[in-house]
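*Asks:* below are the sequence and a predicted model; questions follow.
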Amino acid sequence: MVSYSALALLADAASNLIPANLLVVLIVSKTIAAFELFLPLALYVTLLMGLGKLYSEQEISALHASGMSVFGLVKILMPLIVSITLLTAIVAIFVRPWAYDLRYNAKHQAQQTYDFDHFEEGYFYENKDTGQVYFVSSIDNESDIKNDIFVYQPKQNSVQVVYADKGYHLEGEKDQAPVMVFLDGTAHQLQQNSEDTLVSFNQFTVLPEAKEIVPQSFKRKAASTYYLASSDDRSELVEFQWRTTSAFKAFFLAVIAVLLAKTSPRQGRYGKLIIGVMFFFVVHAGSLVMKTWMEQGALSVVPGMWSVVIGLIMFTAVLGKRYL
């Protein structure tokens, strides 16, 4: 997951403008948030593979011959299942919102603190927070002078477009953005309700604007579970249900894994692994689809995500009847 997150971020040209410490925070926080899925999946696959090996080597048959039932096997595994279930609940209710909050803050800060010293030639860089777009045709590696620079900068009632043959940046004061210096070019000020302005220049210096950092907007994935529990908003209630049902889904999926693991010696230790993993991801994908439909109003919030838990309970009961 760390490798995937790193590759996904580094594949974006704009990531070269993000300070390294913020890139690390973005990667780590995304990985931490994913543990809500990793923990149940790891337990589920472990039970399928471990019990599959015992079934294929006749170990479970020996246990059955000595008087242990499948339900006795579930009882022995229950401490492990409950431990991972409780850990999943902690991650879903507390850790995942914290990780998302960390990620959103880092992403928001990164979009407002681009490092212009790390421009690469031939790429369009867009700051989605401010709407600014930058392009550099080529860069002199020795002097770090940038050639054929294009800058698009939207303002309140106008748009500024700057083109210059060359340009470089000067380090600003502490906590300030660098000063951009453009050489031999034109600056267009495109007004919304008045005449446009065109200026040709030999040297054009852009000072950093002294403006307050805009706070990030509300993100329900980063909101506290306590806040979501008292909310009347449909999307926030759905997010609350998703968090509170995660542990229940992890528990019953683990019990289902124990019941599904039964294989014959001919099937081998991986006999039910593919079918079992497919079932896990069908449940997960179905939960995501239900979550989306509930947010869109296509499904009711009652029973909402709890219908997935009810379905898992019923499926567990059906599998359990085979061993009665």
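*Replies:* Received the coordinates, thanks. Numbers count the residues shown, from 1 in each chain.
*Asks:* all strands of this protein, in order?
*Replies:* 124-127, 132-139, 146-154, 158-170, 179-191, 197-206 (DSSP state E).
*Asks:* who does the last one pair up with?
*Replies:* The one in question is strand 197-206. Partners of strand 197-206 in the sheet, by DSSP bridges, are strand 179-191 (antiparallel).
*Asks:* same check on the third one?
*Replies:* Strands that pair with strand 146-154, judged by DSSP bridges, come out as strand 132-139 (antiparallel), strand 158-170 (antiparallel).
*Asks:* what residues does that strand touch?
*Replies:* Outside of strand 146-154, the residues that reach it under the criterion CB atoms under 8 Å, 6 or more residues apart in numbering are 119, 121, 130-140, 159-168, 180, 182, 185. Where you see a C-beta, it was placed from the backbone N, CA and C, and this is true even at glycine.
*Asks:* redo that, cut-off 10 Å
*Replies:* Outside of strand 146-154, the residues within contact range by CB atoms under 10 Å, 6 or more residues apart in numbering are 116, 119, 121, 124, 126-127, 130-140, 159-169, 180, 182-183, 185, 187-188, 190, 206.
*Asks:* could you do stretch 285-297 as well?
*Replies:* Stretch 285-297 is contacted from outside by 220, 234-239, 241-242, 245-246, 249, 298-301, 304-305, 307-309, 311, using CB under 10 Å, 6+ apart.
*Asks:* could you pull out the helices for the protein?
*Replies:* 2-10, 20-33, 35-56, 59-65, 70-90, 96-112, 225-229, 234-260, 273-296, 306-321 (DSSP state H).
*Asks:* tell me which of those helices is the most buried.
*Replies:* Among the helices of the chain, ranked by average contacts under mean count of other CB atoms under 10 Å, first place goes to helix 234-260 (a mean of 22).
*Asks:* what about the residue lying closest to residue 163 once chain neighbours are set aside, how many neighbours?
*Replies:* Counting by CB to CB, 6 or more residues apart in numbering, residue 163 lies nearest to residue 185, which is 5.0 Å off, once chain neighbours are set aside. Residue 185 has 21 neighbours, counted by other CB atoms under 10 Å.
*Asks:* hang on, the earlier thing: quick one: closest of the strands of the chain to residue 278.
*Replies:* When the strands of the chain are compared by CB to CB, strand 124-127 sits nearest residue 278, at 39.3 Å.
*Asks:* so what does the closest one touch, helix or strand wise?
*Replies:* With contacts taken as 3 or more CB pairs under 10 Å, 6 or more residues apart in numbering; DSSP states H and E, strand 124-127 sits against helix 96-112, strand 132-139, strand 146-154.
*Asks:* and it, what's buried?
*Replies:* Across strand 124-127, burial judged by 16 or more other CB atoms under 10 Å covers 125-127.
*Asks:* neighbouring strands - and their directions - for that strand?
*Replies:* strand 132-139 (antiparallel).
*Asks:* domain parsing for this structure?
*Replies:* 35-93+218-321, 130-206 (automatic domain parsing).
*Asks:* which stretch in those domains is the model least sure about?
*Replies:* Note on the domains of the chain: domain 130-206 shows the lowest mean pLDDT, a mean of 83.
*Asks:* I'd like the distance from it to the chain centre, please.
*Replies:* In terms of CA atoms, centre = their mean, to the nearest Å, the centre of domain 130-206 is set 34 Å apart from its chain centre.
*Asks:* do stretch 99-109 as well
*Replies:* Worked out by CA atoms, centre = their mean, stretch 99-109 lies 11 Å from the chain centre.
*Asks:* what's in contact with that stretch?
*Replies:* 18-19, 21-36, 91, 128-129, 213-224.
*Asks:* and it, C-alpha only, in PDB?
*Replies:* What follows is stretch 99-109 as a C-alpha-only set of coordinates in PDB (Å, rounded to 0.1, in the frame of the first residue of the first chain):
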ATOM      1  CA  ALA A  99      -5.600   9.800   9.400                       C
ATOM      2  CA  TYR A 100      -8.000  11.400   7.000                       C
ATOM      3  CA  ASP A 101      -7.800  14.700   8.900                       C
ATOM      4  CA  LEU A 102      -4.000  14.500   8.700                       C
ATOM      5  CA  ARG A 103      -4.100  13.700   5.000                       C
ATOM      6  CA  TYR A 104      -6.500  16.500   4.100                       C
ATOM      7  CA  ASN A 105      -4.500  19.000   6.100                       C
ATOM      8  CA  ALA A 106      -1.300  17.900   4.400                       C
ATOM      9  CA  LYS A 107      -2.900  18.000   1.000                       C
ATOM     10  CA  HIS A 108      -4.400  21.400   1.600                       C
ATOM     11  CA  GLN A 109      -1.100  22.800   2.900                       C
END
